[in-house]
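K.L.:
what's the 3D shape of this:
(2 chains)
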Amino acid sequence: MERDEIDSLFHLTLTLHHLNKEVEHKFKLSFVQLFVLLKLRSLPATSAQMLAGAVGVHPSTLSQTLRRLTRKEYVFVTEDPKDSRRKLIALTKRGKEATQVVYRDLKGAFVCVKNARECTNTLESSLNFLSKVREVVRG
Amino acid sequence: MKYLFTEEGQKILESFCFTPTLFAFDYDGTLAQIVETPSEAKMTSTTQFLLSELERVAPVAIISGRGMEDLRTLNRFHPKYLIGNHGLEGLKAHSGCLQTAKTVCELWKRTLFPFIKKHPGIDLEDKGYSLALHYRKSRAKGATKLLALEACAELNPPPRLIMGKCVVDLIPPGAPHKGMAFLELMLECNVKTAFYIGDDDTDEDIFTLPDTRLLAVRVGKKSATGAQFYIREQYEINRVLETIIGYLKGA
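P.N.:
Residues are numbered from 1 along each chain as shown, chains lettered A, B, ... in the order given. Have a look, this model is predicted:
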């Protein structure tokens, strides 16, 4: 790997980290939390395992996020009426409204950026690149 | 199984209103009260009004064991998705099976005719593509049910039997059940999540679908059911409809 690529990788990671921090500071919702809430809109009243699969993380990774979202009353966790050993997670009205605010403001931000569509395409290519790097690092 | 009108039930129902959801209903015992004469089972005007209000904001379906023509003549409100004969009528996917089902039913009717004449407590209902033996009017319901089942055992080709409330439905072989029809309807409506409410054993075909995208509610509490929630009696259906409309309009 060339030094330029490592630089790009580092800056990309750092920018994403800062963006995430700023979004969290402004909306009190991180990108991961926003993504979980958006997934819950299309998967109402689902199990933690299903939700983790949809988000693409391990259920144990998701539990911390869910705890935070429950504290904010954005999600609601209850016993599955069919099986008391299982929990169901559902989006609350408050959670849905929070996603709408963030979504609307971010969409507004995308409009302000010149050539937003092309940038998104570049971002997609960067994601593919990062996935390949991950594969190599994992061995 | 939990009561729908609890905090948990309400919140889960509300979460289904945040995404495009199909709202499907069984007819007899759910939208309309069960009455002595099946041809008199009509929805109240309030229920019909609420259903039409719901249809303004979401896809609505009625899935019934009754024939489609029968459903149409009973009420003024007809949803866009009206599924009759346990899923055989009203779906594009099953239009090919209709003629075969009709021929089989004609054959069964001829075989059953002498039996019906001998037992005045049993009424034969011809739904066009399936038959039903009603024994609600019989005084000895248990014995009459056995007689009806014995008569059904003589039929060729053998029917798929569905036991309802004082009724035995005779379904031609190869016809779908309500669960299959429900999944096909979800595809036809292009929705990923669905709500279904029913009261009968035939509705278990939907309640037990291994699909987490379904919110299943039963009319009447029962321990052996696949439904997650229940409402106590049929009269609560208007409250269910009002609640859903409220959530959808607020969403």
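
K.L.:
low-confidence stretches in the chain?
P.N.:
Because you didn't say which chain, this covers chain A. A:1-3 (pLDDT under 70).

K.L.:
ah, no, chain B please
P.N.:
B:93-95, B:251.

K.L.:
need the strands for it, in chain order.
P.N.:
Using DSSP state E, the strands of chain B run over B:2-3, B:21-25, B:60-63, B:81-83, B:123-126, B:131-134, B:160-164, B:167-171, B:193-198, B:214-219, B:229-231.

K.L.:
ok, now which ones touch residue 51?
P.N.:
Assuming you mean chain A. A:Val36, A:Lys39, A:Leu40, A:Leu43, A:Leu62, A:Ile89 (Cβ atoms under 8 Å, 6 or more residues apart in numbering or on different chains). In short, each C-beta sits where N, CA and C put it, glycine included.

K.L.:
correction: the question concerned chain B.
P.N.:
Counting by Cβ under 8 Å, 6+ apart, B:Leu51 has contacts B:Phe25, B:Leu31, B:Met43, B:Val60, B:Phe77, B:Pro79, B:Leu241.

K.L.:
ok, and the most crowded of those?
P.N.:
The most crowded member of these, judged by other Cβ atoms under 10 Å in any protein chain shown, is B:Leu31 (29 neighbours).

K.L.:
my guess is that one meets B:Ile237, correct?
P.N.:
Yes - applying Cβ atoms under 8 Å as the test, B:Leu31 and B:Ile237 come out as touching, 6.2 Å apart.

K.L.:
and for those two, which residues touch both?
P.N.:
Common neighbours of B:Leu31 and B:Ile237 (Cβ under 8 Å, 6+ apart) are B:Phe25, B:Thr47.

K.L.:
which positions in the longest helix seen in chain A come out as buried?
P.N.:
Using DSSP state H, we find that the single longest helix of chain A is helix A:3-27. By neighbour count on 16 or more other Cβ atoms under 10 Å in any protein chain shown, the buried set for helix A:3-27 is A:Val23, A:Phe27.

K.L.:
ok, stretch B:241-251 next?
P.N.:
Buried-residue list, stretch B:241-251, by 16+ other Cβ under 10 Å: B:Leu241, B:Thr243, B:Ile244, B:Ile245, B:Tyr247, B:Leu248.

K.L.:
look up phi and psi at the residue nearest to the fifth one when sequence neighbours are not counted.
P.N.:
What that stands for is B:Tyr247. Excluding its sequence neighbours, the residue lying closest to B:Tyr247 (Cβ to Cβ, 6 or more residues apart in numbering or on different chains) is B:Cys17, at 3.9 Å. With angles defined as degrees, to the nearest 10, B:Cys17 sits at phi -90, psi 0.

K.L.:
could you check how far B:Cys17 is from B:Ala181?
P.N.:
23 Å (Cβ to Cβ, to the nearest Å).

K.L.:
now swap in A:Val23 and tell me
P.N.:
44 Å.

K.L.:
and stretch A:72-89, end to end?
P.N.:
14 Å (Cα to Cα, to the nearest Å).

K.L.:
around the closest residue to A:His58 other than its chain neighbours, how many other residues sit close by?
P.N.:
Leaving aside its chain neighbours, A:His58 sits nearest to A:Ala52 (6.2 Å; criterion: Cβ to Cβ, 6+ apart). A:Ala52 has 21 neighbours, counted by other Cβ under 10 Å.

K.L.:
kindly export the helix or strand encompassing A:Ala52 (C-alpha atoms) in CSV.
P.N.:
Element membership of A:Ala52, judged by DSSP states H and E, is helix A:48-55. Taking Å, rounded to 0.1, in the frame of the first residue of the first chain, the C-alpha atoms of helix A:48-55 are listed here in CSV:
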residue,chain,number,x,y,z
ALA,A,48,-32.5,-8.0,18.8
GLN,A,49,-31.0,-10.8,16.7
MET,A,50,-33.0,-9.8,13.6
LEU,A,51,-32.2,-6.2,14.1
ALA,A,52,-28.5,-6.9,14.5
GLY,A,53,-28.6,-8.9,11.3
ALA,A,54,-30.2,-6.0,9.5
VAL,A,55,-27.8,-3.5,10.8
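
K.L.:
quick one: stretch A:67-75 near chain B?
P.N.:
No - residues of stretch A:67-75 are not located near chain B by Cβ under 8 Å from any Cβ of the partner chain, the shortest gap being 9.2 Å.

K.L.:
spit out the contact partners of B:Phe113.
P.N.:
Contacts of B:Phe113 were listed using Cβ under 8 Å, 6+ apart, and they are B:Leu124.

K.L.:
what parts of the stretch 1-150 of chain B come near chain A?
P.N.:
B:Met1, B:Lys2, B:Glu8, B:Lys11, B:Ile12, B:Glu14, B:Ser15, B:Phe16, B:Phe18, B:Thr19, B:Thr21.
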